[in-house]
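# Fold the stuff below for me.
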Amino acid sequence: VEALSRYATSLSAVSGVMFGAGVVKTELATNNINILGSSDQFVKIFNMVIIQGNYITREDEDSGKRVAVLGYNVKKNLFGDNLALGQLVKVNDSEHRVIGIVKPTGDKMGFNVDDMVFIPTKSALRLFNTDRLFGIRAAAKTRNGLNDAVKDITEILKERHNGEEDFTIVTQVTMLESMNTILNMLTYALAAIALISMLVGGIG
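The predicted model follows:
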């Protein structure tokens, strides 16, 4: 992550991420949620809007502070219309102080932001007792620079992995193409079922 941030000139933001399921609770309420460890750059990569407080800062990330940013549904489930900023919540029984609330967002590239809790990457690694990231998220400086970004990432990671390409890079374009392929297959399958139903109905 540090190497990409420093040397990948085609990237505008880079964040290591740690992902896992868990429970967040107060004295009065409990919510099963997805926990995402990230850095201050994550909010830029996914264009998330903070409506109260702030997102995780570089200082929070470097020190692994026990702070949390709540998705909108999580805030509502735990605090209702009451103030959440500055309150303590237990994330998998580890106390974190709420520093921000995310604007209602819904699904963003495969996960529901409203049902998540965001904490610093180092805090997440400690919480899940691991020293391995779930992955790295990055943003290209421009849409046209996507191929350059992939090339930069590949070269930098291969150099750090003794020349081996033992990683996979997935772009939003690739994800959308995969989703379109799946949707087309479903469309063809439904059309085939409808055709068989009409045939059976005609014979009947």
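# quick check: mean pLDDT across the strand ranked longest in the chain?
Counting by DSSP state E, the longest strand found in the chain is strand 11-25. In this model, strand 11-25 has an average pLDDT of 91.
# now do stretch 74-86
93.
# and the end-to-end length of that stretch?
End-to-end distance for stretch 74-86, by CA to CA, to the nearest Å: 15 Å.
# buried stuff in that stretch?
Across stretch 74-86, burial judged by 16 or more other CB atoms under 10 Å covers 74-79, 84. Where you see a C-beta, it was placed from the backbone N, CA and C, and this is true even at glycine.
# so Arg97 sits in a helix?
No. Secondary structure assignment (DSSP: H, G, I helix; E, B strand; the rest coil) places Arg97 in strand, not in a helix.
# quick one: contacts for it?
66-68, 86-89 (CB atoms under 8 Å, 6 or more residues apart in numbering).
# Same question for Ala140.
So Ala140 contacts 10-12, 146, 148-149 (CB under 8 Å, 6+ apart).
# got it, and Ser5?
Counting by CB under 8 Å, 6+ apart, Ser5 has contacts 11, 14, 41.
# Name the nearest of those relative to Ala21.
The closest of these to Ala21 turns out to be Gln41 (CB to CB; 23.5 Å).
# Tell me who's in contact with that closest one.
Counting by CB under 8 Å, 6+ apart, the residues that Gln41 touches are 5, 13-15.
# Show me which of those are buried.
Taking 16+ other CB under 10 Å as the criterion, what is buried in the contacts of Gln41 is 13-15.
# before we move on, the earlier item: export the buried residues of stretch 74-86 as CSV, with columns for distance to Ile51 and secondary structure.
Converted to CSV, the buried residues of stretch 74-86 look like this (distance: CB to CB, whole Å; DSSP: H, G, I helix; E, B strand; the rest coil):
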residue, distance to Ile51, secondary structure
Val74, 13, helix
Lys75, 10, helix
Lys76, 12, helix
Asn77, 16, helix
Leu78, 16, helix
Phe79, 14, helix
Ala84, 11, coil
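# Identify, from those residues, the entry nearest to Ile156.
Looking across the buried residues of stretch 74-86 and measuring by CB to CB, the closest to Ile156 is Val74, at 35.1 Å.
# Identify the residues contacting that closest one.
Contacts of Val74 (CB under 8 Å, 6+ apart): 24, 31, 33, 114-117.
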